[in-house]
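Peer 1: next input, structure requested:
(2 chains)
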Amino acid sequence: MAEPTSDKHYETNFEFPMWKLIKQRAEEKDISYLAASAEIIPEYAKTIRYRDTEFEAQAITKRAEELNALFQKEGMGASNIKELLDEYTEELKRTRYAQEVDK
Amino acid sequence: MSLAKIAEKVTETDILIVGGGMGGCCLAAKAAEHGLDVTIVEKANSQRSGSAAAGLDHQNVSHFPIPGVSVSDLVAKFENRQMVIQGYGRWEDPNLTAIALERGLWGTEQLEKLGIPMRWDNGEWYFIPGAWWENVRMVMRVHWQNIKPMLSDAAKKKGAKIIERTMIVDLLTNNGRVVGATAVNTRTGEFSVIKAKATIIATGHFARCYEPETPSFYKYKLRYHWCPASASGDGWAMSYRAGAELANMDVNGWAFRIRDDPTISFGNFTWNDGITCKYYTWDGQEIGYATAPKYTELERQGKTPLYNSLDHLPADFHKRIEIAYADERLVSYKIAEDRGFDPKTHRYEMMANKPHNFAGPQGVNIDDDSRTITDGLFATGKCAAGGFGVTFGGLWLGDNIHKHISNTPDPTIDEGQVEEQKEIAFRPTKVKDGTHPMELESAVRYTCERYVSQHKSEGKLREGIRRLGSLKREFLPKLEAKNPHYLMRALECRNVIDLAEVHINAVLERKESRGNFIRMDYPERDKALDHMITYQRLEKGKPVLEKRKAPDLRPEFMKK
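Peer 2: Below is the predicted model:
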């Protein structure tokens, strides 16, 4: 990858695969990109592993673990989000959840 | 003078809805089902107007019962989400959130009855995995490229009337009750009066007193989602002038500014179907996330700009992003390709983490029935402070509004007030060599960026208020409109200035630092302000500011 602050970083020529299909369909049928995309999106969606929950879970968990490790290392930095959320949970236990019924 | 002589057109309706976006159209369709006479007034064209003009790829919704999850658990998650930006505390009425969460399935069914496609080719809904809460699927992936024309048509099919290209000047009141509004057509300049038994504000959130996310300082906001061009806060400003209360105007919506705007939305960039993006400092160090205080620290260390990366996503997830691009904003492809930005390989500059809108818990304060404190005036969608959400809020109020107007007398209009509003609307046509509305709006944005924004202090805020006052006194009366379109821009500018003033006054009164709200002169959180919401209203023309504790969740929502 080129250095992000360099011009070279933004000189890549590329096309999104689905956009290419949309353009082709629009030209073939002489219809708008919008109309072509309405035809292409459902076709393209079929090539995506939306219903492969095992694959999804694996990919998501991998990133979640990486992020957790990073947060541990950083100690949440200056943001203290985790500490805030924990403090709020404790307050809810003392106040809101103390009213809970039909547990 | 009689009304017929002042206005070129007088419309009478049961329900006036100001704003024909997602919330307004949902509301209109449901209210019309109850046999009400419903009129939407939309300043653009409802076929492609509002925050969802270019499309939408997701819909936040809960379908209870969710195994192992209670409504109160979910409410707490929503509150946690607000706290990441706003800091510790409760920022909105959790009971509104609970009502919407409990009835999420009803909302989905209503949308489907209106003909809005939500199910995929296997006949099921698809929920995005892990989106903001692991194991609880709350965000539905939808292909709503054409949601706006679909909703606009659905509202018309149910019998609602839509007056397009018409800007509301102000609300009309009589003995403290809102009885309709005056309006000007942005193409013909026709001045009209709409008399209504109930008026509902559905104009979305407010954004235009800050720079857009992309640095087009001199232009109307281009980004469609968080800072759409429409977000001049018209509904908030007119409600405030009519006596309604605004909430949380001291705190902002925050996000990274995204250079050149090739992305679909920050939300998708962040979640990518459950896989968070990576953030890097300019010299390649990965960081978890940067809240405003953390960003400030990184800046002090010389680590900015930050860059966003998706190079860790599996190929299948990159394809999902392509779909999302097309669903929310087809033109994003071209912008990204023109910039040479390939999300598979490129890191993208995330400009300063700064306030840029008021799309969080801010807005017109409402109760469980979406009523404001002003009789006859309701608010829904992003226009309302917190809680119901856009589509659900519209559908819910639309389904119930008939109960609130059954005993309402026919509205009586004060002709003098109509004349005053007509004078305000058309004053810019009489000005020669005056100020272009965008010149003034840019000056307001500059004032908020320079004197409020990230690092606030009493001196800067006082100077900001002084400058804003000067702009209001000296330049607002000099706005020039060469055609009816610019009459709308001048009216928007008036709304932007009024709300910027409300905003800075509220910031001055929050003497602490909390979440992304940083007062350099009050660097610590003041625990006495935990859960305290700032409310502002006009009483006999004078601004009133109160801090009141946000209500807690009522026991009825505490059942497991």
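Peer 1: please, where are all the helices along the stretch 51-200 of chain B?
Peer 2: Under the criterion DSSP state H, counting those that start in this stretch, the stretch 51-200 of chain B contains helices at B:71-86, B:94-102, B:104-113, B:147-157.
Peer 1: chain A is nearest to which of those helices?
Peer 2: Of all the helices of the stretch 51-200 of chain B, it is helix B:71-86 that lies closest to chain A, at 5.2 Å by CB to the nearest CB. C-betas here are computed from N, CA, C, even on glycine.
Peer 1: does that closest one reach chain A?
Peer 2: Yes - for a cut-off given as CB under 8 Å from any CB of the partner chain, helix B:71-86 has contacts with chain A, namely B:72, B:76, B:79, B:80, B:83, B:84.
Peer 1: now do that helix: distance to the chain's middle.
Peer 2: How far helix B:71-86 lies from its chain's middle: 19 Å, per CA atoms, centre = their mean, to the nearest Å.
Peer 1: average pLDDT across it?
Peer 2: Confidence over helix B:71-86, taken as the mean pLDDT, stands at 89.
Peer 1: try stretch B:190-204
Peer 2: In this model, stretch B:190-204 has an average pLDDT of 97.
Peer 1: residues of that stretch that come out buried?
Peer 2: Of the residues in stretch B:190-204, those scored as buried under the neighbour-count criterion (16 or more other CB atoms under 10 Å in any protein chain shown) are B:191-204.
Peer 1: over to stretch A:9-20?
Peer 2: Taking 16+ other CB under 10 Å as the neighbour-count basis, stretch A:9-20 is seen to contain the buried residues A:9, A:10, A:16, A:18, A:19.
Peer 1: let me see the domain layout of chain A.
Peer 2: If the domains of chain A are taken from automatic domain parsing, they occupy A:15-48, A:52-103, with pieces of a single domain joined by a plus sign.
Peer 1: and the last one, how far out from the chain middle?
Peer 2: Chain-centre distance of domain A:52-103: 18 Å, with CA atoms, centre = their mean.
Peer 1: cool, and stretch B:421-436?
Peer 2: Stretch B:421-436 has its C-alpha centroid displaced from the chain centroid by 27 Å (CA atoms, centre = their mean).
Peer 1: hey, which helix is longest across the chain?
Peer 2: Chain wasn't specified; assuming chain A. The helix that spans the most residues within chain A, counting by DSSP state H, is helix A:53-74.
Peer 1: was after chain B, sorry
Peer 2: Secondary structure assigned by DSSP H gives helix B:484-509 as the longest helix of chain B.
Peer 1: one step back: list of residues touching the following helix or strand past the longest helix of chain A?
Peer 2: Past helix A:53-74, heading to the C-terminal end, the next element that is a helix or strand (DSSP states H and E) is helix A:81-94. In this structure, residues lying in contact with helix A:81-94 by CB atoms under 8 Å, 6 or more residues apart in numbering or on different chains are A:71, A:76, B:76, B:79, B:80, B:83, B:84, B:87, B:88, B:89, B:289, B:291.
Peer 1: residues in contact with the spatially most central residue of chain A?
Peer 2: Compute the mean C-alpha point of chain A, and by CA atoms, centre = their mean the closest residue is residue A:60, 9.6 Å away. Contacts for residue A:60 were tallied using CB under 8 Å, 6+ apart; they are B:129, B:130, B:274, B:275.
Peer 1: what's the neighbour count on the second one?
Peer 2: Read that as residue B:130. The local packing count at residue B:130 equals 24, with neighbours defined by other CB atoms under 10 Å in any protein chain shown.
Peer 1: quick one, phi psi at the residue nearest to it when sequence neighbours are not counted?
Peer 2: The shortest distance from residue B:130 to any residue that is not its chain neighbour, by CB to CB, 6 or more residues apart in numbering or on different chains, is 3.3 Å, and that residue is residue B:274. Comment: the main-chain dihedrals of residue B:274 come out as phi 110, psi -10, following degrees, to the nearest 10.
Peer 1: just checking, residue B:274 touches residue A:56?
Peer 2: Yes - because the distance of 6.9 Å satisfies CB atoms under 8 Å, residue B:274 is recorded as touching residue A:56.
Peer 1: shared neighbours of the two, anything?
Peer 2: Any residue near both residue B:274 and residue A:56 by CB under 8 Å, 6+ apart counts here, and that gives residue B:129.
Peer 1: spatially nearest residue to residue B:483, not counting backbone neighbours?
Peer 2: The shortest distance from residue B:483 to any residue that is not its chain neighbour, by CB to CB, 6+ apart, is 7.9 Å, and that residue is residue B:189.
Peer 1: many thanks, have a good one.
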